[in-house]
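In: return atomic coordinates for the entry below.
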Amino acid sequence: MPTPLRNHLITRSRNPVDLLNAATCLFGGSIATSPLGELCGGEHELRGVAAHDFAVGYFVSPLDVRVTSAAGRDRGSYFVNIGDSGAISASCGGLRATLDEATAGVANPGDTQELRPLPGRRTRFLGLRIDAALVHQEFAALTGRPPVSTVRFDFALDLADSKGRAVRLLVRSLLEQLDSADLLFRRAELQRSQLRCLVTALLLAQPHSHTGELHDGPQPGFPRSLRAALAFIEANLAEHISLGDIAGAAGCSPRTLSSAFRGRLGLSPLSYVRNLRLDRIREDILASTDPVGTIAYRWGVSHLGRFAGEYRARFAELPSDTAARR
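Out: The predicted model follows:
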């Protein structure tokens, strides 16, 4: 296969700082990148393309780096790293894998990866950024409903089995579109359509926190009242929200609303609010250096003691434990 993104050179330098700056430029505020240990010499090259809801880079470098992806339910980014030659020793959230042509790595919003190219063959790999909003949209297209919390993928993706090969094929197809001189393939609509296919394949191929919801196949869409309720919660999550407030926004009685939530989502409206608020707080704790209390108050928490207990019940750790890992 020809060198990917051959017409999209961003930098080629013997100064590793140029690579780090170029990666920040390519991925914008979606990542924070820092070297692990001493900056090393050698050749550092980055080719890449950025669009509205994705970016892809082709890296050639021996530099060891730490990469943290931005967090947020629909504001963060997923990253898929795929080896082209050589290999990378990668760790993410206590998990380890060797990334090469047979194994990719999938990082979730808020995850921190440490990537160390192994000595030997010259290391070349692809890094694909995908907006969290697009992943959740494709999840909703498959199930008929949005995920109740952030979709979190397993780290190591096997590219050697049939499902993994499909993901790799769709990545290559996207790269071929980006490299094509045909004006038709440069249209954003075609590129986004290809990306949507890739995200759908990733959701079906790689185990994640909501895999069980995909086994039952597509579900009927939400009724208007439930869609209105979810939109109201989304827009007012940082405020005090009562059952009556949600029912009023949905245009139905609290009893009807509660029945719809339990039938479609398996929990009460206020439990949905609590879980979603806890998810957002956790994402902000991992992505910010603000005190836990400040973040909790920002999302409408008024009682820190009760909040800590609810947080531990949902995530099996205290908020302070989460903050210690960032």
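
In: where does the residue nearest the centre of the chain sit: helix, strand or coil?
Out: For the chain, the residue nearest the mean C-alpha position is residue 78 (2.6 Å; C-alpha atoms, centre = their mean). Following DSSP: H, G, I helix; E, B strand; the rest coil, the label given to residue 78 is strand.

In: which ones are touching it?
Out: 69, 106-109, 129-130, 132, 135, 153 (C-beta atoms under 8 Å, 6 or more residues apart in numbering). Glycine gets a C-beta too; all of them are placed from N, C-alpha and C.

In: so residue 177 sits in a helix?
Out: Yes - with the criterion set as three-state DSSP, the secondary structure at residue 177 is a helix.

In: that one reaches residue 195, doesn't it?
Out: No - Residue 177 lies out of contact with residue 195 (C-beta atoms under 8 Å); the separation is 9.7 Å.

In: tell me which element residue 309 is part of?
Out: Following DSSP states H and E, the helix or strand that holds residue 309 is helix 304-315.

In: for the helix or strand following that helix, what is the distance to the chain centroid?
Out: Once the chain leaves helix 304-315, the next helix or strand it forms, by DSSP H and E, is helix 319-324. Its chain's C-alpha centre and that of helix 319-324 lie 21 Å apart, by C-alpha atoms, centre = their mean, to the nearest Å.

In: packing partners of helix 319-324?
Out: helix 269-287, helix 292-298, helix 304-315 (3 or more C-beta pairs under 8 Å, 6 or more residues apart in numbering; DSSP states H and E).

In: tell me the most buried of those?
Out: A comparison of the helices and strands packed on helix 319-324 by mean neighbour count, using mean count of other C-beta atoms under 10 Å, puts helix 269-287 on top with a mean of 20.

In: can you tell me how far the residue nearest to residue 124 when sequence neighbours are not counted is from residue 210?
Out: If you skip the residues right next to it in sequence, residue 124 has residue 84 as its closest partner in space, 4.3 Å away by C-beta to C-beta, 6 or more residues apart in numbering. Taking C-beta to C-beta, to the nearest Å as the criterion, residue 84 is separated from residue 210 by 30 Å.

In: same question for residue 279.
Out: Using C-beta to C-beta, one obtains 12 Å as the distance from residue 279 to residue 210.

In: now swap in residue 261 and tell me
Out: The span separating residue 261 from residue 210 equals 17 Å under the rule C-beta to C-beta.

In: so what's residue 322 closest to, chain neighbours aside?
Out: For residue 322, ignoring the flanking residues on the chain, the nearest one in space by C-beta to C-beta, 6+ apart is residue 285 at 5.0 Å.

In: picking up where we left off before, out of residue 177 and residue 195, which sits in the more crowded spot?
Out: Looking at residue 177 and residue 195 with other C-beta atoms under 10 Å, you find the greater number of neighbours at residue 195, namely 23 against 19.

In: that one against residue 55, yeah?
Out: No - between residue 195 and residue 55 there is no contact, the gap being 10.7 Å when judged by C-beta under 8 Å.

In: and the pLDDT at the residue nearest to residue 322?
Out: The pLDDT attached to residue 285 in the predicted structure is 87.

In: begin at 6 from now on, thanks
Out: Understood, numbering begins at 6; the last thing we discussed is residue 290.

In: what bridges to the residue nearest to the centre of the chain?
Out: residue 135 (DSSP bridges).

In: what is the neighbour count of residue 18?
Out: Under the neighbour criterion other C-beta under 10 Å, residue 18 is assigned a count of 15.

In: coming back round to it: mind putting the contacts of residue 83 into a markdown table with secondary structure?
Out: Rendered in a markdown table, the data for the contacts of residue 83 read as follows (three-state DSSP):
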| residue | secondary structure |
| --- | --- |
| 74 | strand |
| 111 | strand |
| 112 | strand |
| 113 | coil |
| 114 | coil |
| 134 | strand |
| 135 | strand |
| 137 | helix |
| 140 | helix |
| 158 | strand |
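
In: now, the most widely separated pair of the residues you listed?
Out: Distances among the contacts of residue 83 were taken as C-beta to C-beta; the most separated pair is 134 and 158, at 14.0 Å.
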